[in-house]
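S.K.: Let me see the structure of the following:
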Amino acid sequence: MRMKFYLPDAQDLVDPAFDFVREERANDRMRQRTDAYAHELFDRPPYDGMLVSKGIVKSRYTLAQQQRLLRLGVHKFLRLDESIGTKDMKVIGDCGAFSYREEPEPPYTVTEVVEFYEQAAFTYGISVDHVILAFRPEWDDTAAKSDPAAAEAYRRRELTLSLAAEFIKQSAGCQFSPMGVAQGWSPASYTDSVRQLQKMGYTYIAIGGLVPLKTPDVMQVLEGVATVRQAGTKFHLLGITRLERIFDFARYGAASFDSTAPLLQAFKSEKDNYQTETGNFIALRIPQVDANAKLKARILAGEISQATAIKLERASLVALREYADCNASLEATLQQLMDYTVLYDETLDGAPAKVAARTEQYRHTLTVRPWETCPCSICKKIGHEVIIFRGAERNRRRGFHNLDTFFRRLLATDSGPSQPTPSLCA
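M.R.: Purely as a prediction, here's the structure:
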């Protein structure tokens, strides 16, 4: 059985009625009620389930949204009860330990978390934990506790285990299924955590603190915990996305994982913004003159002419639109994009080598025209707009496309990539 992919909710929604030509949202837009989640835009959701962190609820949900979540329940709040293929989707509740990693203690009590999970009707609830962001096998020697960092790691692991023991007691009789958290700094410490959690009665265990680890270190941890895994125990990997090792993870008892990496790469990666089953592409950056903070600052400082910037911005959008409609040449379109790029992108410093490198990256994207051959609902609906790095409405949709691409690869890892269809302008 393949691993299940859960998407952490970060209130990433888009306006389905957004006008890309006029750059306008719908007049009757009400973000929580009319904007759409990724699972509402595809024929089938691009993930197996979702994860909602109490930390995200506190930091990104409005008070009204927090109240609606508890009143309606997480499935209805996320509109999983309305979308195709999501009615039976499972949702994991989490504390969001990374958000309070600098604090000496978790900001929530076990009782608060149990009540939160129960009232919001989560499928699974993860016990309260304190993350350890270090991989130091040498700390297994208790003499290392003289090192303050090692002592803190020991304290956090012991605290996480004591909270897990209290959590499984308090969650008895609740609707949600409890999931314990294993924290550690080495394969041995993680293995002992899993051993103790199983003794407490946990059969679903989340492995935390793996995000900063290198793949070989992750594998060492999984090899270790697999040696004590009981027949009925399964693992969830918190924040991990290593598609190339999915089958290896599953072999050691990993049944599920969660990550926002495919979504975030759409606007955080320097070059791998648009993902396909056969390769990744850089998005074409056409920043908004009136909305890009760095560009506005340079205009106010007199470094750039506002009139020139606006003219080049608009010309770039028009050129790309004409190119997508097969009414403009690649070279003319590329030149227009680079004229604007050289003006606004101070990271290039006007250096010929940097400009040439960016030109070739853009040339590759424009030549392949990957949005035309993509089978996902996003690309079919908005076409070339998905490849433009510009504002949340385009960038998030590109992130949704990446989620769908990632999920299709996960579903078909053993059958190979699908064959692309020819370009419309071929």
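
S.K.: what about stretch 215-230, average pLDDT?
M.R.: Stretch 215-230 shows a mean pLDDT of 96.

S.K.: ah, wrong one, I meant stretch 365-384
M.R.: 97.

S.K.: Can you give me the first-to-last residue distance of that stretch?
M.R.: 11 Å (C-alpha to C-alpha, to the nearest Å).

S.K.: again, but for stretch 257-274
M.R.: Span of stretch 257-274 from end to end, C-alpha to C-alpha: 22 Å.

S.K.: just stretch 28-35 next, same as before
M.R.: End to end - C-alpha to C-alpha - stretch 28-35 spans 11 Å.

S.K.: Off-centre distance for that stretch?
M.R.: 22 Å (C-alpha atoms, centre = their mean, to the nearest Å).

S.K.: So which residues lie in contact with it, not counting its own?
M.R.: 13-17, 26, 65, 68 (C-beta atoms under 8 Å, 6 or more residues apart in numbering). Any C-beta I mention is one placed from the backbone N, CA and C, and that applies to glycine too.

S.K.: go again using 6 Å as the cut-off
M.R.: Stretch 28-35 has contacts (C-beta atoms under 6 Å, 6 or more residues apart in numbering) with 13, 15.

S.K.: got it, and stretch 255-263?
M.R.: Residues contacting stretch 255-263 (C-beta under 6 Å, 6+ apart): 3-4, 6, 8, 51, 234, 236-237, 239-241, 399, 402-403, 406.

S.K.: now, among these, which is nearest to residue 77?
M.R.: Nearest to residue 77 among the contacts of stretch 255-263: residue 51, at 13.8 Å, using C-beta to C-beta.

S.K.: For my notes, confirm that closest one occurs in a strand.
M.R.: Yes: under DSSP: H, G, I helix; E, B strand; the rest coil, residue 51 sits within a strand.

S.K.: which ones are touching it?
M.R.: 6, 8, 92, 94, 258.

S.K.: and if you look at residue 99?
M.R.: By C-beta under 6 Å, 6+ apart, the neighbours of residue 99 are residue 55.

S.K.: Now do the SS call for it.
M.R.: Going by three-state DSSP: residue 99 is helix.

S.K.: before we move on, back to that, out of the contacts of stretch 255-263, which are buried?
M.R.: Among those, the ones that count as buried by 16 or more other C-beta atoms under 10 Å are 3-4, 6, 8, 51, 234, 236-237, 239-241, 399, 402-403, 406.

S.K.: Can you spell out the domain ranges of this structure, please?
M.R.: 4-259, 267-411 (automatic domain parsing).

S.K.: how far does stretch 177-188 sit from the chain's center?
M.R.: Counting by C-alpha atoms, centre = their mean, stretch 177-188 comes out at 22 Å from the chain centroid.

S.K.: And the strands in the stretch 151-300 of the chain, which stretches?
M.R.: 177-182, 204-207, 234-237, 254-258, 274-275, 280-281, 284-285 (DSSP state E, counting those that start in this stretch).

S.K.: what's next to the fifth one, contact-wise?
M.R.: Contacts of strand 274-275 with the rest of the structure, by C-beta under 6 Å, 6+ apart, involve 281, 283, 387, 398, 402, 405.

S.K.: The same query, at a cut-off of 8 Å, please.
M.R.: Here strand 274-275 has contacts from 262, 265-266, 280-283, 365, 370-371, 386-387, 398, 401-402, 405-406, using C-beta under 8 Å, 6+ apart.

S.K.: Among these, name the ones in helices.
M.R.: Taking DSSP state H as the definition of helices, those contribute 262, 265-266, 365, 370-371, 398, 401-402, 405-406.

S.K.: farthest-separated two in these?
M.R.: Top of the distance list for the ones in helices among the contacts of strand 274-275 (C-beta to C-beta): 365 and 406, 19.2 Å.

S.K.: sorry, back to before: go through the contacts of stretch 255-263 and flag the one the model is least confident about.
M.R.: residue 241 (73).

S.K.: how much space between the closest residue to it other than its chain neighbours and residue 399?
M.R.: Closest residue to residue 241 apart from its sequence neighbours, by C-beta to C-beta, 6 or more residues apart in numbering: residue 259 at 3.7 Å. Counting by C-beta to C-beta, to the nearest Å, the gap from residue 259 to residue 399 is 12 Å.

S.K.: do the same with residue 205
M.R.: From residue 205 to residue 399 the distance is 29 Å (C-beta to C-beta).

S.K.: Repeat that for residue 174.
M.R.: 34 Å.

S.K.: With residue 317 instead?
M.R.: 21 Å.

S.K.: Give me the neighbour count for residue 123.
M.R.: 19 (other C-beta atoms under 10 Å).

S.K.: List the buried residues for stretch 154-166?
M.R.: 154, 156-157, 159-161, 163-166.

S.K.: oh, I was asking about stretch 98-105
M.R.: 98-100.

S.K.: Check stretch 385-392 too.
M.R.: 385-391.

S.K.: can you check stretch 346-366 too?
M.R.: For stretch 346-366, by 16+ other C-beta under 10 Å, it's 348, 355, 358-359, 361-363, 365-366.

S.K.: Quick one: residues in contact with that stretch.
M.R.: Stretch 346-366 is contacted from outside by 271, 274, 281-284, 294, 298, 323, 330, 333-334, 337-338, 341-342, 345, 387, using C-beta under 8 Å, 6+ apart.

S.K.: low pLDDT regions in the stretch 301-426 of the chain?
M.R.: Applying pLDDT under 70 to the stretch 301-426 of the chain flags the ranges 413-426.

S.K.: any chance you could map the helices in it?
M.R.: Under the criterion DSSP state H, counting those that start in this stretch, the stretch 301-426 of the chain carries helices at the ranges 306-324, 330-344, 352-368, 370-373, 377-382, 391-411.

S.K.: and of these, who's closest to residue 126?
M.R.: Closest to residue 126 of the helices of the stretch 301-426 of the chain is helix 391-411 (C-beta to C-beta; 21.9 Å).

S.K.: Centre of the chain to the closest one, how far?
M.R.: The answer for helix 391-411 is 10 Å, by C-alpha atoms, centre = their mean.

S.K.: between that helix and strand 254-258, how many degrees?
M.R.: 170 degrees (axes from the mean of the first three to the mean of the last three C-alpha atoms, to 10 degrees).

S.K.: okay, helix 391-411 in CSV with CA atoms only?
M.R.: Provided in CSV are the C-alpha atoms of helix 391-411 (Å, rounded to 0.1, in the frame of the first residue of the first chain):
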residue,chain,number,x,y,z
GLY,A,391,0.8,38.0,-7.2
ALA,A,392,-0.9,35.5,-5.0
GLU,A,393,-3.6,34.5,-7.5
ARG,A,394,-1.1,33.2,-10.0
ASN,A,395,1.5,32.0,-7.6
ARG,A,396,-0.9,30.0,-5.5
ARG,A,397,-2.5,28.4,-8.6
ARG,A,398,1.0,27.4,-9.7
GLY,A,399,1.5,25.9,-6.2
PHE,A,400,-1.8,24.0,-6.6
HIS,A,401,-0.5,22.7,-10.0
ASN,A,402,2.7,21.5,-8.3
LEU,A,403,0.6,19.7,-5.7
ASP,A,404,-1.3,17.9,-8.4
THR,A,405,1.9,17.0,-10.3
PHE,A,406,3.5,15.7,-7.1
PHE,A,407,0.4,13.7,-6.3
ARG,A,408,0.2,12.2,-9.8
ARG,A,409,3.8,11.2,-9.5
LEU,A,410,3.1,9.6,-6.1
LEU,A,411,0.1,7.7,-7.6
